[in-house]
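Chemist: Model the following, please.
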Amino acid sequence: MKLIIVVLFSLSLSGCFGPSDEQKQRAETACEKFVLKKIAEYGNEAHIFDTYSKNDKIVVEVGYREGERWRKRGEDSYSVRICVYDEKAGTIKIPSLLNMGTWRK
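Modeler: Residues are numbered from 1 along each chain as shown. A predicted model of the protein is given here:
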């Protein structure tokens, strides 16, 4: 019985310290714009694949297409980049391809 109470208490605490839905929405919006501006210079389409927290930051997986280049080649796939949003510090960054693994789930 004590074990069940400890597990339930731990689960409820972990939910309290995670980002709120509003924080996740702000991170998703900021990351989508940031990826389209910095990575997909001619991009006009993005899709959020996942949002989670890691190392006290919000991590957003953003898929993007680079406009006409993709349509001409007949491709329907997205390129995906990780975006790390730190609301406390007021920063947003895209890890290098070599460091993306650090931020994966």
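Chemist: how close does Lys38 sit to Gly90?
Modeler: 17 Å (CB to CB, to the nearest Å). (Each C-beta comes from the backbone N, C-alpha and C, glycine too.)
Chemist: neighbour count winner among those two?
Modeler: A side-by-side neighbour count of Lys38 and Gly90, using other CB atoms under 10 Å, places Lys38 first with 14 against 7.
Chemist: How about the backbone phi and psi for the nearest residue to the more buried one once chain neighbours are set aside?
Modeler: Closest residue in space to Lys38, ignoring its immediate chain neighbours: Ile94 at 6.3 Å, by CB to CB, 6 or more residues apart in numbering. The phi and psi values for Ile94, taken as degrees, to the nearest 10, are phi -120, psi 110.
Chemist: residues contacting Ile94?
Modeler: Listed by CB atoms under 8 Å, 6 or more residues apart in numbering, the contact partners of Ile94 are Phe34, Val35, Lys38, Ile39, Arg81, Ile82, Cys83, Val84.
Chemist: Could you give the number of residues near Val80?
Modeler: So Val80, with other CB under 10 Å, has 14 neighbours.
Chemist: quick thing: my sequence starts at 27, can you match it?
Modeler: New numbering, starting at 27: the last item is Val106.
Chemist: Check which helix or strand it maps to.
Modeler: In this structure, Val106 is located in strand 105-112 according to DSSP states H and E.
Chemist: Neighbouring strands - and their directions - for that strand?
Modeler: Pairing partners of strand 105-112, with direction, according to DSSP bridges: strand 83-91 (antiparallel), strand 117-119 (antiparallel).
Chemist: about what we covered before: in CSV: the contacts of Ile120, plus distance to Asp76 and pLDDT.
Modeler: CSV is the format used below for those (distance: CB to CB, whole Å; pLDDT from 0 to 100):
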residue, distance to Asp76, pLDDT
Phe60, 16, 92
Val61, 14, 89
Lys64, 19, 85
Ile65, 17, 78
Arg107, 12, 91
Ile108, 10, 95
Cys109, 11, 96
Val110, 13, 97
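Chemist: low-confidence ranges in this structure?
Modeler: 27-43, 66-69, 92-102 (pLDDT under 70).
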